[in-house]
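Engineer: Only the shape, not the letters, is given here:
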Ligand SMILES: O=C(/C=C/c1ccccc1NC(=O)c1ccccc1Oc1ccccc1)NO
Ligand SMILES: [Zn+2]
């Protein structure tokens, strides 16, 4: 990738705001400082994000939700207003003071990245602190308060007729699928763990979209223990089939890193190399591409993964040794970039995966 054609959305203020999300302490700093420590910033155009305005957020979210969310964010924890529950606020989506500013900052960063692509300023745009795919029009969900992914896709749709969304996070990208389930202009494709009782519970292969959007939502339900080889194999087959059938003009990828070996979600057994092979397939299409983060609860592995993917975009090879920097101690005991797969058994049987692929190929035949 010609380096100046890669946009990296970053500012120290933005990282500080994202770091303030207590449940992901310093993750944004760890990601940025590892990318910086590997000397990758000089290959990219670094742009400071703008804050999303109320109108920006209202492109997807309801006014009722936004004004309630802004109110409780001002008052912080003790704002246990009765209607908070109907807006998904509390429990999975605790209301920390300033959480509205955090959500507006992340949404603004994803919009800044999407605008760079829409205006032809860059070919690839990165916002690793974005990717909050569960938020609904009027409800926070799964620790997602504002759906920056939907906002980014809507921004790209101002310029591109057909947008392909690919969700590599461990969890089903339900908020994004819901937002576009009735339209054939956006294909949402999600690879995720689908298992009784596992959040969010949606994303079965039979979920194909509704009305004019029927067959434009694609779900690849997977089970625990899948490792790089099988994951890359099914991703490659589905991605190629979707790209040649839908012919997208722009692509948005959510690379939630909770699929990695060692993640506390303890489900899949992937490594950054496997996700990198999936990214290489998408980059090979040479279409305007927006890359976002998402889940990822082993903070050092998440930083390893997104740094590795950033280097892939830049055609840069990284040394195994983690460079000396502020968070170096977090990378022990080996202090290397690679993530070692776990020795967990893969519960995905090949015959079932073939069946999943056959059903998706069948559904694609109905895509006009
Ligand atoms: O990763 C996700 C969703 C996570 C999620 C879903 C339902 C309820 C809460 C969720 N998120 C969290 O609990 C959450 C968010 C940030 C940091 C730690 C978090 O907890 C854990 C707890 C145990 C393992 C991993 C994460 N979507 O991609
Ligand atoms: Zn996740």
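Structural biologist: In hand now; what should we look at? Computed from a predicted structure; not experimentally measured. Ligands and ions are numbered 1, 2, ... in the order given.
Engineer: how many neighbours does the nearest residue to residue 328 once chain neighbours are set aside have?
Structural biologist: Excluding the flanking residues, the one nearest residue 328 by CB to CB, 6 or more residues apart in numbering is residue 322, at 6.2 Å. For the C-beta atoms, the positions are set from N, CA and C on the backbone; glycine is no exception. For residue 322, the count of nearby residues is 23 (other CB atoms under 10 Å).
Engineer: OK, contacts around residue 322?
Structural biologist: 34, 37, 328, 331, 335, 336, 337 (CB atoms under 8 Å, 6 or more residues apart in numbering).
Engineer: Would you mind measuring from the last one to residue 153?
Structural biologist: So that's residue 337. According to CB to CB, to the nearest Å, residue 337 stands 31 Å off from residue 153.
Engineer: cool, and the second one?
Structural biologist: Separation of residue 37 from residue 153 (CB to CB) stands at 32 Å.
Engineer: Settle it for me: which of these two has more neighbours?
Structural biologist: residue 153 (26 against 18).
Engineer: Okay, and that one sits in which element?
Structural biologist: Assigned by DSSP states H and E, residue 153 falls within helix 148-156.
Engineer: what residue ranges in this structure score low on pLDDT?
Structural biologist: Within the chain, the stretches with pLDDT under 70 are 1-3, 77-80.
Engineer: Tell me which other helices or strands the helix holding residue 153 touches.
Structural biologist: helix 99-118, strand 163-167, helix 174-180, strand 250-254, strand 289-292 (3 or more CB pairs under 8 Å, 6 or more residues apart in numbering; DSSP states H and E).
Engineer: roughly how far out does the helix or strand just after the longest one sit from the chain middle?
Structural biologist: Proceeding N to C from helix 99-118, the next assigned helix or strand is strand 124-127, under DSSP H and E. Taking CA atoms, centre = their mean, to the nearest Å, the mean C-alpha location of strand 124-127 is offset from the chain mean by 11 Å.
Engineer: Likewise for stretch 334-342?
Structural biologist: Worked out by CA atoms, centre = their mean, stretch 334-342 lies 22 Å from the chain centre.
Engineer: Not counting its own residues, what contacts it?
Structural biologist: Counting by CB under 8 Å, 6+ apart, 227-228, 260-262, 269-273, 301, 304-305, 307-308, 318-322, 328 sit against stretch 334-342.
Engineer: let's see 10 Å
Structural biologist: 34, 38, 225, 227-229, 257, 260-263, 266, 268-275, 298, 300-305, 307-308, 311, 318-324, 328-329, 331 (CB atoms under 10 Å, 6 or more residues apart in numbering).
Engineer: Check stretch 54-63 too.
Structural biologist: 50, 52-53, 65-70, 87, 100, 103-104, 107-108, 111, 135-140, 145-151, 153-155, 175, 179.
Engineer: buried ones in that stretch?
Structural biologist: Residues 56, 57, 60, 61 are the ones in stretch 54-63 that count as buried (16 or more other CB atoms under 10 Å).
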